[in-house]
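> Sequence plus the predicted model coming up.
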Amino acid sequence: MNLVSIRLITDDVRRLAEFYELLTGVEAAWATPDFAEIVTPAGTLALGSTRTVALFGPGSARPADNHTAIIEFLVPDVDAEYRRLRAAVADFVNEPTTMPWGNRALLLRDPDGNLVNLFTPVTEAAIAKFAAR
């Protein structure tokens, strides 16, 4: 079994796609106006409109209501990403911080309030852990 994608349900697919295009530097691939994907080498972040929820079952997902997941991106230099994004992103949770498990991390929120973590491994153990990812 392979994890293929994480899908976010939103009332505004275009706004979320533009945010993740800015964040990742990857252009969204649009299937319909209600569905776009940010395809990275490690996985895909899918963005679906609330109009698609009816296809899965009414009430099965609610936009802008995530309080448990963190979307994480491995980046070469988290401090450089912070400098690049400071003027364009409104909701930073913290500044780059070195965590006890060896990653330097930057937490921010996307326009729907989903928590996003950009991180760079900085200790020998963390660098080894993520070397193949």
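The structure has been received and is ready for your questions.
> I'd like the next helix or strand past the lowest-mean-pLDDT helix or strand in the chain.
Within the chain, confidence by mean pLDDT, DSSP states H and E is lowest for helix 53-56 among all helices and strands, at a mean of 87. Downstream of helix 53-56, the first helix or strand assigned by DSSP states H and E is strand 70-74.
> mind showing which ranges of the chain have poor pLDDT?
Under the criterion pLDDT under 70, no range of the chain is flagged.
> same thing but at 90, please
Low-confidence regions of the chain, defined here as pLDDT under 90, cover residues 2, 53-60, 62, 66-67, 90, 132-133.
> dump the residue contacts of the nearest residue to Arg86 once chain neighbours are set aside.
Nearest non-adjacent residue to Arg86, counting by Cβ to Cβ, 6 or more residues apart in numbering: Phe92, 7.8 Å away. Quick note: C-beta positions are derived from backbone N, CA and C, even for glycine. Contact partners of Phe92, counting by Cβ atoms under 8 Å, 6 or more residues apart in numbering, are Tyr82, Arg86, Leu106, Leu107, Leu108.
> A strand includes the fourth one, no?
It stands for Leu107. Yes. The assignment for Leu107, made by DSSP: H, G, I helix; E, B strand; the rest coil, places it in a strand.
> Now that Glu72 has come up, it's in contact with Phe119, right?
Yes. The pair Glu72 / Phe119 is scored as a contact, 6.5 Å apart, by Cβ atoms under 8 Å.
> what comes up buried for the lengthiest helix in the chain?
In terms of residue count, the longest helix belonging to the chain (DSSP state H) is helix 13-24. When burial is assessed from 16 or more other Cβ atoms under 10 Å, helix 13-24 yields the following buried residues: Val13, Leu16, Ala17, Phe19, Tyr20, Leu23, Thr24.
> now that helix and strand 70-74, what's the angle there?
40 degrees (axes from the mean of the first three to the mean of the last three Cα atoms, to 10 degrees).
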